[in-house]
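Engineer: turn this into a model:
(one chain, ligands or ions: 2)
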Amino acid sequence: MNLNNPVTYIKGISVARAELLFTELGIKTCNDLLHLFPFRYIDKTQFYTINQLQQNSAEVQIVGKITGVKTVKQKRGSRLVATFSDATGTMELVWFKGAKWIKDSLKVNVPYVIYGKLNWYNGTPNMPHPEMETVKEYKSKLQMAMQPVYPSTEKLSTKGISNKVMRTMIQNLFQQAYTNVEETFPYYFIEKHQFLGKKDSLLNIHFPKNQELLAKAQYRLKFEELFFIQLQLLQKKLIRKSKLKGFVFEQVGEEFTKFYNNHLPFDLTGAQKRVLKEIRKDVGSGAHMNRLLQGDVGSGKTIVALLTMLLAIDNGHQATIMAPTEILATQHYNGIIELLEKTDIKVELLTGSTKTKKRREIHESLEDGSLHILIGTHAILEDKVQFKNLGIAIIDEQHRFGVAQRKKLWEKSPSDGRAVPPHILVMTATPIPRTLAMSVYGDLDISVIDELPPGRKEIKTVHRYDSNRLGVFKFLKNEITKGRQAYVVYPLIQESEAMDYKDLMDGYESISREFPSPKYQISIVHGQMKPADKDYEMERFARGDTQIMVATTVIEVGVNVPNASVMVIESAERFGLSQLHQLRGRVGRGAEQSYCILLSSYKLSSDGKTRLQTMVETTDGFKIAEVDLKLRGPGNIMGTQQSGVLNLKIADVVKDSPILHIARKAAINLLQEDPNLSKTKNSSLLKSYEKLKKTSGIWSNIS
Ligand code: ADP
Ligand code: MG
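Structural biologist: Ligands and ions are numbered 1, 2, ... in the order given. Sure thing, here's the model as predicted:
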């Protein structure tokens, strides 16, 4: 039987069941069902007697007979209760659902094997909704020492597709279609990696003969899944590099050299130099650059961006930086005009609030080429904004820009038939763990600034319980006396916005009491304020008119007040790790020792504890991101939402990262040897690859 047939071809799958499988699990074809992998296995080699049962949550297997069945009326409907006995005792089996048809199927005084979790009531066990088979049935399948447990849903189990039914369906599938399972890897490849064959892998993933074969089957199938994804990402990169032309910035010219030698306010760190070299190699190659630049807050990405733009200008091109907010764009603008003060390079700022007259000037000077660098927000993406010759677009904080918006950047220079897109450099301060970066951005080039400029003092982080708040206030007073400023941040989580708002206001009041005016001045900023009021308060704080900024997380992005040296985070246990890290990055920007104080209640979940501990232990954004990934899984990490790492059927990019590395290496080797998979020996690979590409559009548009 063809594996592409709908599941109704399988014995035991009615149209109704097929529909359920589709709506509940997305399973349509036999092949889909074949790739519904168990998420755990039950070892049924162990039996218990009734007098051995313990009060724990483990699932147990017992042999015995049903000696009586009764229906017990209850408030709503009724429940079915069977008395079950073995030589050592008696217990009850209970059904709350499906009582009628179960009652008809139960055989009294026939030996059964039952399996399930126990409920304890007044010291005696009962088993709700046991899985059961007659001993006769059980023996006929005894070869299956380890039994698969499949993903299920409430609806599936109430509509009678229990795990046992699922198992039977898959058994039938194997009987009908096993011979049609094709090997996806060529023989030489299987031999080289010592894989189990595809057929054996599928058989053992569903019905493992023993632990060892199960491990081999899992390894092979995980590898295969990760391998094809890597192959696709790497091939995309290869195509981009070989087919997509980019402007060549071949010379390091006057502007770059002049600036580097005369105006650079500090020596570059080793990491900055390395990244710059990586970028120069890219933009000199003739291929299009699509590079992700990762570097923690304060690692000095801006100067790298600026030097890259100078390179473009030296080669007759214009450059642009786009930031997600007006505040950030303005900060970039101010920083960059200061750095370029003694040069002739023209820089302008374009945001939503740029006046019409200024706008017109900018449009004109962009088109006639007299404007070299444009810094701005989304406003840059408007169609009216056209460059004479845009050579590079730099995007700060990439995850706030969608794919469509990035595409727009490609069309910013006049289409005179050459259709060469500007180089793209995406800068992000959200560290992406290596394994995740590999699976999500595997087709991009990645540069990492993993070194902070010298002389930075590490931010001291402590965790305190709410009851220590007075001590924290005292510390704040001390710092303020020394001339410093402080943030006090409250969580704002949408579900309970009203309550959070109250927390913020209560907090503001108690801080106002503790820090009375006129000696102390306090700013407050939150989401319910008008933008203009927010800006006003932020400016007061930035100028040093106020010493304390009480805020919700709106300050996460874009505030730069070097004199602020204390960050107090209230209810810190309610923040995610990356958010805590971002918030902490608001301090430690000046010469003074900075502090981060995490306040929490005594009631901490184990994840909450881990988060706070991690913050106290390290300031390394990559380490924090790794922990975050482990705690939350890839689905909740920035930037992964549109990628396929969430749709993996068997592999897990976190837990299986060793396999991921091997698979990526294998894909690299393969493409080096046979970039188009056109060699005969790779024909089976090509075939599987093509098939996969057709069915999974998930990788099409990440970059
Ligand atoms: P980010 O990576 O967060 O964008 P910035 O580029 O804003 O970081 O740099 C943070 C601060 O560090 C700026 O004040 C910048 O002038 C300074 N800086 C950057 N590189 C160096 C360096 N190599 N040596 C000393 N200071 C540096
Ligand atoms: Mg920055």
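Engineer: how about the contacts made by the most far-flung residue of the chain relative to its centre?
Structural biologist: Relative to the centre of the chain, the most outlying C-alpha is that of Asn109, 54.3 Å out, by CA atoms, centre = their mean. Applying CB atoms under 8 Å, 6 or more residues apart in numbering to Asn109 gives the contacts 65-67. For glycine as for every other residue, the C-beta is placed from the backbone atoms N, C-alpha and C.
Engineer: out of those residues, which are inside strands?
Structural biologist: 65-67 (DSSP state E).
Engineer: mind putting those residues into JSON lines with distance to Ile511 and pLDDT?
Structural biologist: Converted to JSON lines, the ones in strands among the contacts of Asn109 look like this (distance: CB to CB, whole Å; pLDDT from 0 to 100):
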{"residue": "Lys65", "distance to Ile511": "71", "pLDDT": "97"}
{"residue": "Ile66", "distance to Ile511": "68", "pLDDT": "96"}
{"residue": "Thr67", "distance to Ile511": "70", "pLDDT": "94"}
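Engineer: quick one: buried ones out of those residues?
Structural biologist: Among those, those buried by neighbour count (16 or more other CB atoms under 10 Å) are Ile66.
Engineer: closest to ligand 1 among the ones in strands among the contacts of Asn109?
Structural biologist: Nearest to ligand 1 among those is Ile66, at 69.7 Å by CB to the nearest ligand atom.
Engineer: can you get me a residue count around Leu444?
Structural biologist: Burial of Leu444 is recorded as 20 neighbouring residues (other CB atoms under 10 Å).
Engineer: oops, could you answer that again for Thr23 instead?
Structural biologist: Thr23: 12 neighbours (other CB under 10 Å).
Engineer: show me what counts as buried in the one helix or strand it maps to.
Structural biologist: Thr23 is part of helix 15-25, with elements assigned from DSSP states H and E. Within helix 15-25, the residues that qualify as buried are 17-18, 20-21, 24-25, counting by 16+ other CB under 10 Å.
Engineer: residue ranges for the helices of the stretch 301-450 of the chain, please.
Structural biologist: Counting by DSSP state H, counting those that start in this stretch, one finds helices in the stretch 301-450 of the chain at the ranges 301-314, 326-339, 356-367, 403-409, 434-440.
Engineer: show me what from this structure comes close to ligand 1.
Structural biologist: Contact residues, the chain versus ligand 1 (CB under 6 Å from any ligand atom): 266-269, 272, 295, 297-303, 429, 453.
Engineer: for the residues you listed, which one is nearest Leu631?
Structural biologist: Of all those, Leu631 sits closest to Ala429, with 20.0 Å by CB to CB.
Engineer: list the contacts for that closest one?
Structural biologist: Contacts of Ala429 by CB under 8 Å, 6+ apart are 294-297, 299, 301, 397, 582, 585, 621.
Engineer: just the ones of these in helices?
Structural biologist: 301, 582, 621 (DSSP state H).
Engineer: can you lay out those as CSV showing neighbour count?
Structural biologist: Output for the ones in helices among the contacts of Ala429, formatted as CSV (neighbours: other CB atoms under 10 Å):
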residue, neighbour count
Lys301, 23
Gln582, 19
Gly621, 24
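Engineer: any chance of the residues you listed in TSV, plus pLDDT?
Structural biologist: Output for those, formatted as TSV (pLDDT from 0 to 100):
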residue	pLDDT
Lys301	93
Gln582	86
Gly621	87
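Engineer: dump these to a markdown table, plus distance to Glu59.
Structural biologist: Compiled in a markdown table, the ones in helices among the contacts of Ala429 are given as follows (distance: CB to CB, whole Å):
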| residue | distance to Glu59 |
| --- | --- |
| Lys301 | 53 |
| Gln582 | 43 |
| Gly621 | 42 |
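Engineer: still on that earlier bit, and the least confident of the contacts of Ala429?
Structural biologist: Minimum pLDDT across the contacts of Ala429 is recorded for Glu397, with 75.
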